[in-house]
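In: Structure for the following, please:
(2 chains, ligands or ions: 2)
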Amino acid sequence: MLDFKQLIKECKELAFDLNFTRAKRWKEEAPGRVVVGYMPVYFPREVLHAAGALPVAIFGGGDKKQVIRGDAYYQSYICHIPRSTLDIVLDGQTAHFDGYIFPSICDVIRNLSGIFKLNNIGKFIKYMDFPQNFLPEVGGVFYQQEMQHVMHYVQEINNKTVTTADLNHSIALYNKNRQLIERIYEIRQHYPWRMTIEEVYYVLRAGTVIPVEEHNQILEQVCNHIEQNIGEPQDKVKVVISGAFCEQPSIGLIKSIEEAGCYVVDDDYMLGSRMILGDISATTNSPLEAIAHAYIYQSQYSSSIYDVSNPKENRLAEIAKKRGADGVLFASASFCDPSLLDAPIFQKAFDKMGIRYIAFQFSENINQYKVIKEQVGAFSDSIKLWEDESVHIS
Amino acid sequence: MKSEVKKENSMILQKEMIEGLFNDLANAKANGRKVCYTFVPGNLSELIRTFDMLPVYPEINALQNAMRKKSAAYIKEAEKHAHSEDVCTYVKCDVGMLLKGNIGPTGQKLPEPDVLLLSYTGCFTFMKWFETLKREYPDTTVIMLHTPYQENGKMTPEMTQYMVKQFHEEVIPKMEAVSGIKFDEEKLKKHLELSKESEDWITKIFDTTKHRPSPIDAYFAGVYYIGPINIGFRGTQEAVDYYKALYAEIQERIQLGLGPVTPEGEMSEEKYRLVVEGPPNWTSFREFWKIFYDMGAVIVASSYTKVGGVYDLGWRHNPEKPLESLAEYCMNCYTNLNLPQRVDLLSKCIAEYGADGYVTNSIKSCNSFSAGQLAMMREIEDKLEVPVGFIESDLVDPRYFSYSNIKNRLESYFQMLAQRKMMKELANQPSNT
Ligand code: SF4
Ligand code: SF4
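Out: Numbers count the residues shown, from 1 in each chain, chains lettered A, B, ... in the order given. Ligands and ions are numbered 1, 2, ... in the order given. This is a model prediction of the structure:
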């Protein structure tokens, strides 16, 4: 077993390996293996796993990739993630990927699927249309058909027929994965000093590019480590971050929020890994239906899912309450329509509920976050000054 | 420019139709009419009429406010309420208008919605927009009709079934509940019959740009032509009559060898024929148009006039299959086509209408159109070897319309077109040797 520091270091390397070396090695380890890239945010990875494919998330290049070609594809007023993604792909860093999936999260990702098509990238390109209809017999059925298309594409490459047992096995593995992640958040809710949010980020992001079996082992080690009484609490306020669900802030920014006097006790970084709340039934005769139902009934709120029957502001307030947070940081990627269009809804509701918040914007490649750090610092100071006033959730 | 613009019969008809609609809206509550807010792409005019509701199109209000120079103040108001500078300005203009009393473009107060019909077609912003409105009108019913994207350039039976199920399970029951009227399929069929007729006419109208000179401008004037079909009149006899009248006028222009009518009269010489991708700018619409007609540039086709439905490729509403037909209509709107389909459609227009060039007007806050436009442009340039031009503006935010930048860019573009033309002519001249 690796020591904790070493483990985190390895996760960090995996998380930011934009050559996706682990996926490449995995593919070479046995014949017939298929690697499929998916764009953020969420994709039911269980389906690919069962089909004999390794799902690999592509979260753009962060501040690790200089964008050269992508800028020729995207106007300055479009968020950063598609351009760095294109640079990664056009530079051949995903040459070992067989196909690509574009979950329907926004118009930018939707049209990115078209750019991949125009450039004939990969053996298949699937735009995965998530239903915005939440009736199981309507949207649920459609969702199952979408998943079947994905399995069909993989089958065309590896000839593998997916059985119910395969799917149930994969579902169980991802259930375990989510349970372990949730365990980390639960422990951190009470003892956030045991592991920084930066470390959590590395661990979770590593899980999006390696086999789930390996990730589960890593998560178990992390849980064992932070279950011990380690570290010393500091005088920091607890906050929840919302809005950074797709384009990811640079590590410097993630770090500087805690450095500025906050413990991040919940967030929507790597939202896809935590999108389904709780377990999906892993013992049914219709596993695709189980996955579809989980999407319908157990999804986390997201700027990409139509929400009028389950308003996001109440759900975020609930998270803040559950985690005992002192306030919320709204972090949106610049030009991210879904996140920015949600901001007024959240802020108006939080004003009414008396929940403290601040809002700022970032882009994946900025490494100047002095202003944000100052803002966050002022925010945490102001909370400390009003210590006896807790979060009110009506 | 030769003559002054005279009001054609079709213009008068359209004006009357729109005034009538806004008057009906102003009196809707008093007359017990139910009001349905919805969007242009994927608009279910026929269904709304079947339930005897009146439609309100927030994006049309936004663009009309922009043309009346009211959008800047509304946008500022929305930004004061935490709306970002970066997002779709239609939304902010609409929210700002709401915050300032919901006085519509005609100066009359708009009625509150009884239903928000979210036929979510090819634009995520629609979804967020109605989520925002739902918070403003908490008692309103929201109906979501999810339209699958044409990811593979096809409308599959699966996609259609999914939509038809939504009609049965969600849309129709909720509309029945709000309107108190039982769904009458025969009534819907009658509307669809008339839709089909309007669609035939509008296709013929936009096809007249094959003539030289083109008798119409399919972008700047085109946005007026699509008015009735896009804002709730599709499926009515009024729309059919309007399009018939318009077609007759255009035929007359063809007979007389006339070019398009501009705000300053008839365009005298057609120098360049262009295809334009992207919506127009509304805040400086006239100035924007003038840059083109001053240069003798006529737009022979535009993607924007297809946002409310693509009829060029032969698709029509089908009264025999009413709900399937509504589903297919939604899926077939321009921004619900994938990029290769968009490229093919525009390439077809360039070839069929003999365009000399292709211009993209990229809208700062509209990702639905804009994300991917550069790739489309490159593809079209490579495939058809037509000169491509690129400008940037915004829909309804005057801060993002830079007249001089756009003019400079277009002037250089027209110079390039002129050179090309000259070289072509030289190449076609018989040699003396
Ligand atoms: S950052 Fe926002 S706008 Fe950009 S791709 Fe992601 S969800 Fe879409
Ligand atoms: S983003 Fe574009 S398509 Fe969507 S509402 Fe705004 S202008 Fe219309």
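In: Ignoring the adjacent residues along the chain, who's closest to whichever residue of the stretch 201-350 of chain B sits closest to chain A?
Out: When scored by CB to the nearest CB, the stretch 201-350 of chain B has residue B:339 as its residue closest to chain A, at 2.7 Å. Heads up, the C-betas are built off the backbone N, CA and C, glycines and all. The shortest distance from residue B:339 to any non-neighbouring residue, by CB to CB, 6 or more residues apart in numbering or on different chains, is to residue A:114 (2.7 Å).
In: Is the host helix or strand of the one you found in proximity to ligand 1?
Out: Assigned by DSSP states H and E, residue A:114 belongs to helix A:107-118. Yes - contact of helix A:107-118 with ligand 1 (CB under 6 Å from any ligand atom) involves A:108-109.
In: Check stretch A:331-349 too.
Out: Yes - Stretch A:331-349 is in contact with ligand 1 by CB under 6 Å from any ligand atom, via A:333, A:336-339.
In: Considering these, which is situated nearest to ligand 2?
Out: Nearest to ligand 2 out of these is residue A:337 (CB to the nearest ligand atom; 7.3 Å).
In: Quick one: neighbours of the closest one, just the number.
Out: Close neighbours of residue A:337, defined as other CB atoms under 10 Å in any protein chain shown, add up to 29.
In: Now do the contacts for the residue nearest to residue B:339.
Out: When contacts are counted by CB atoms under 8 Å, 6 or more residues apart in numbering or on different chains, residue A:114 is found next to B:338-340, B:342, B:372, B:375.
In: Would you state the strands of the stretch 151-300 of chain A in chain order?
Out: A:237-242, A:262-266 (DSSP state E, counting those that start in this stretch).
In: Can you say which two of the contacts of residue A:114 are spatially most distant?
Out: Farthest-apart pair in the contacts of residue A:114 is B:338 and B:375; separation 11.8 Å (CB to CB).
In: next one: phi and psi at whatever residue of the stretch 251-400 of chain B ends up closest to ligand 1?
Out: Of all residues in the stretch 251-400 of chain B, residue B:367 sits closest to ligand 1, at 6.7 Å by CB to the nearest ligand atom. When quoted as degrees, to the nearest 10, the phi and psi of residue B:367 stand at phi -70, psi -30.
In: Ignoring the adjacent residues along the chain, who's closest to it?
Out: residue A:107 (4.1 Å).
In: Tell me, how many residues neighbour the nearest residue to residue B:285 once chain neighbours are set aside?
Out: Among residues not flanking residue B:285 along the chain, residue B:67 sits closest, at 5.9 Å (CB to CB, 6+ apart). Residue B:67: 16 surrounding residues under other CB under 10 Å.
In: Isn't residue B:67 up against residue B:284?
Out: No - using CB atoms under 8 Å, residue B:67 makes no contact with residue B:284, being 9.6 Å away.
In: Mind giving me the packing neighbours of the helix ranked longest in chain A?
Out: What stands out as the longest helix in chain A, according to DSSP state H, is helix A:164-190. The helices and strands touching helix A:164-190, judged by 3 or more CB pairs under 8 Å, 6 or more residues apart in numbering or on different chains; DSSP states H and E, are helix A:45-50, helix A:197-206, helix A:212-226, strand A:262-266, helix A:287-298.
In: If we use 10 Å, what do you get?
Out: Here helix A:164-190 touches helix A:45-50, helix A:141-158, helix A:197-206, helix A:212-226, strand A:262-266, helix A:287-298, helix A:312-322, going by 3 or more CB pairs under 10 Å, 6 or more residues apart in numbering or on different chains; DSSP states H and E.
In: Now list whatever residues contact both of residue B:338 and residue B:375.
Out: A:111, A:114, A:117-118 (CB atoms under 10 Å, 6 or more residues apart in numbering or on different chains).
In: ok so, going back, the helices and strands packed on helix A:164-190: which one's closest to residue A:32?
Out: Using CB to CB, the nearest of the helices and strands packed on helix A:164-190 to residue A:32 is helix A:141-158, at 4.6 Å.
In: wait, what's in contact with the spatially closest residue to residue A:195 that is not a sequence neighbour?
Out: Closest residue to residue A:195 apart from its sequence neighbours, by CB to CB, 6+ apart: residue A:226 at 5.1 Å. For residue A:226, the contact set (CB under 10 Å, 6+ apart) comprises A:4, A:183-184, A:187-188, A:191-195, A:199-200.
In: Tell me the buried residues within those residues.
Out: Among the contacts of residue A:226, those classed as buried by 16 or more other CB atoms under 10 Å in any protein chain shown are A:4, A:183-184, A:187-188, A:191-192, A:194-195, A:199-200.
In: out of the residues you listed, who's near ligand 2?
Out: Okay, of the buried ones among the contacts of residue A:226, nothing touches ligand 2 (CB under 6 Å from any ligand atom).
In: Extract the C-alpha set from the helix holding residue A:114 and format it as PDB.
Out: Only the C-alpha atoms of helix A:107-118 are listed here, as PDB (Å, rounded to 0.1, in the frame of the first residue of the first chain):
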ATOM      1  CA  ASP A 107     -25.000  24.000 -27.100                       C
ATOM      2  CA  VAL A 108     -21.200  24.300 -27.100                       C
ATOM      3  CA  ILE A 109     -20.700  20.600 -26.400                       C
ATOM      4  CA  ARG A 110     -23.500  19.700 -28.800                       C
ATOM      5  CA  ASN A 111     -21.800  21.600 -31.600                       C
ATOM      6  CA  LEU A 112     -18.500  20.200 -30.600                       C
ATOM      7  CA  SER A 113     -19.800  16.800 -31.600                       C
ATOM      8  CA  GLY A 114     -20.500  18.300 -35.000                       C
ATOM      9  CA  ILE A 115     -16.900  19.600 -35.300                       C
ATOM     10  CA  PHE A 116     -15.700  16.100 -34.500                       C
ATOM     11  CA  LYS A 117     -17.900  14.800 -37.200                       C
ATOM     12  CA  LEU A 118     -16.700  17.300 -39.800                       C
END
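In: Specify which member of the residues of stretch A:331-349 next to ligand 1 is nearest to residue B:298.
Out: Of the residues of stretch A:331-349 next to ligand 1, the one sitting nearest to residue B:298 (CB to CB) turns out to be residue A:337, at 33.9 Å.
In: need the contact list for the closest one.
Out: A:78-79, A:106-108, A:303, B:84, B:86-88, B:91, B:123-125, B:128, B:365-368, B:371.
In: same question, residue B:167
Out: Residue B:167 is in contact with B:44, B:47, B:145, B:173, B:175, B:183, B:322-324, B:326-327, counting by CB under 10 Å, 6+ apart.
In: ok, 7 Å please
Out: Taking CB atoms under 7 Å, 6 or more residues apart in numbering or on different chains, we find residue B:167 in contact with B:323, B:326.
In: Can you report phi and psi for residue A:161?
Out: Residue A:161 adopts backbone torsions of phi -90, psi 130, taken as degrees, to the nearest 10.
In: Without its sequence neighbours, what residue ends up closest to it?
Out: Excluding its sequence neighbours, the residue lying closest to residue A:161 (CB to CB, 6+ apart) is residue A:155, at 6.9 Å.
In: how many neighbours does that neighbour have?
Out: Using other CB under 10 Å, residue A:155 has 17 other residues around it.
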